[in-house]
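K.L.:
build the 3D model from these lines:
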Amino acid sequence: MTGWNASDIPDQRGRTAVVTGANSGIGYVTARELARHGARVLLACRSETRGKGAQHRLRSEIPEADVEFVPLDLGDLSSVRKFASVYGDEGRLDLLINNAGVMALPYGTTADGFERQFGVNHLGHFALTGLLLPQLMATPGARVISVSSAMHTLSNIDIRDLNSERTYGRWIAYARSKTANLLFIHELARGLKAAGSDVVAAAAHPGYASTNLQTAGPRLEGRRLWERGMRLANQLIAQSPDAGALPTLYAATAPRVRPDSFTGPRLQGWRGTPAKSWRAPWTRNDVAGERLWAASERLTGVTYDALRSCLGS
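P.N.:
As a prediction, the model looks like this:
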């Protein structure tokens with residue numbers, strides 16, 4: 001893995017990838033590099049304007065790129081179901097990159113009434129993966145990659161208050177949603193193994209990469225000084241989106257990536273080339289994973305029928 005970069009991505013011709021949040025940041029870079037290496041890429045984005053803008057930009061960078069914008073709002077389960085129903089008619093799916101997310105926003109709820117960070121970062125992707133799982137399991141060598149964060153170490157989930165109805169702290173809610181990403185991958189990997197499937201479920205994180213995530217919260221609240229501070233920190237400290245996307249690209253394409261692995265930047269988890277990343281022990285807790293899984297099925301109404309007997313549901 002030492003020194004791995006985008007030029008090491010294997011040939012992706014004949015493969016199809018879905019990348020959520022592909023209109024900017026590490027999602028855009030991930031989609032671009034997969035397309036550069038021959039994959040057909042669906043740009044799953046909430047905003048039509050930004051999604052089509054990313055499609056146009058990508059085709060201008062790579063004229064031969066096979067990319068398509070498809071609307072997907074992870075904060076609205078009806079949109080998730082519509083996306084899956086449309087894509088389900090198309091056949092194979094080699095890569096599902098659960099990249100989209102929100103960070104440290106003021107309290108708000110999704111269209112379905114879930115706390116926004118938990119709803120978008122975890123529940124939306126949980127539902128999407130479950131609905132697309134038949135295509136993934138039918139495609140040899142398929143992978144599901146969820147983008148978590150080193151910030152997950154700030155907090156375990158609170159199974160009694162998944163929607164932060166008792167108390168809300170923007171950073172704790174974010175950390176819990178990122179812990180949920182890792183617990184989801186842990187439980188999915190266990191279920192796939194028990195089912196005898198070769199689908200690899202793994203996780204990655206970008207370290208500190210300069211993206212829109214850092215400024216979205218302050219901008220929503222009109223905290224202009226804080227927004228300027230985050231922009232300055234991005235310029236002075238953060239690595240580029242191109243570097244931040246490398247752990248995701250490694251997990252998605254490198255040979256011999258292990259199920260339930262967690263890849264991040266090499267240097268203290270903040271920057272550098274991809275390497276095995278430390279994760280909090282609670283993200284590999286089977287009991288917590290099972291409880292979160294059961295709650296996620298109940299909240300979303302999406303059941304993983306192909307794995308239910310293997311997961312003891």
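K.L.:
so where do the helices sit in the stretch 1-150 of the chain?
P.N.:
Secondary structure of the stretch 1-150 of the chain (DSSP state H, counting those that start in this stretch): helices at 25-36, 48-61, 77-87, 116-118, 125-137.
K.L.:
I misspoke; the intended subject was the stretch 201-313 of the chain.
P.N.:
Under DSSP H, counting those that start in this stretch, the stretch 201-313 of the chain gives helices at 213-221, 224-236, 241-244, 246-253, 286-300, 308-311.
K.L.:
dump the helices of the stretch 1-150 of the chain into TSV; add mean neighbour count, distance to E187 and mean pLDDT as well.
P.N.:
All C-beta atoms are positioned from the backbone trio N, CA, C, and that covers glycine. Listed next are the helices of the stretch 1-150 of the chain as TSV, based on neighbours: other Cβ atoms under 10 Å; distance: least, Cβ to Cβ, whole Å; pLDDT from 0 to 100:
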stretch	mean neighbour count	distance to E187	mean pLDDT
helix 25-36	26	24	97
helix 48-61	16	30	97
helix 77-87	18	19	95
helix 116-118	24	16	97
helix 125-137	22	10	96
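K.L.:
so can I have JSON lines of those helices showing distance to N5?
P.N.:
Below are these laid out as JSON lines (distance: least, Cβ to Cβ, whole Å):
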{"stretch": "helix 25-36", "distance to N5": "10"}
{"stretch": "helix 48-61", "distance to N5": "17"}
{"stretch": "helix 77-87", "distance to N5": "30"}
{"stretch": "helix 116-118", "distance to N5": "31"}
{"stretch": "helix 125-137", "distance to N5": "27"}
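K.L.:
so which of these comes closest to Y168?
P.N.:
helix 116-118 (9.6 Å; Cβ to Cβ).
K.L.:
now what about the closest one, what contacts it?
P.N.:
Defining contact as Cβ atoms under 8 Å, 6 or more residues apart in numbering, one finds that helix 116-118 is touched by 75, 102-105, 107-110, 162-164, 170, 173-174, 176-177, 180.
K.L.:
please check those residues and keep the buried ones.
P.N.:
Neighbour counting over the contacts of helix 116-118 (16 or more other Cβ atoms under 10 Å) leaves 75, 102-105, 110, 162-164, 170, 173-174, 176-177, 180 as the buried ones.
K.L.:
state the mean pLDDT of stretch 11-20.
P.N.:
The predicted model assigns stretch 11-20 a mean pLDDT of 98.
K.L.:
for it, buried residues please.
P.N.:
For stretch 11-20, by 16+ other Cβ under 10 Å, it's 12, 15-20.
K.L.:
circling back to that earlier point, which ones among the contacts of helix 116-118 map onto strands?
P.N.:
Among these, DSSP state E puts none in strands.
K.L.:
including distance to L299, could the buried residues of stretch 11-20 go into CSV?
P.N.:
Shown next, in CSV, are those (distance: Cβ to Cβ, whole Å):
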residue, distance to L299
Q12, 34
R15, 32
T16, 29
A17, 27
V18, 22
V19, 24
T20, 19
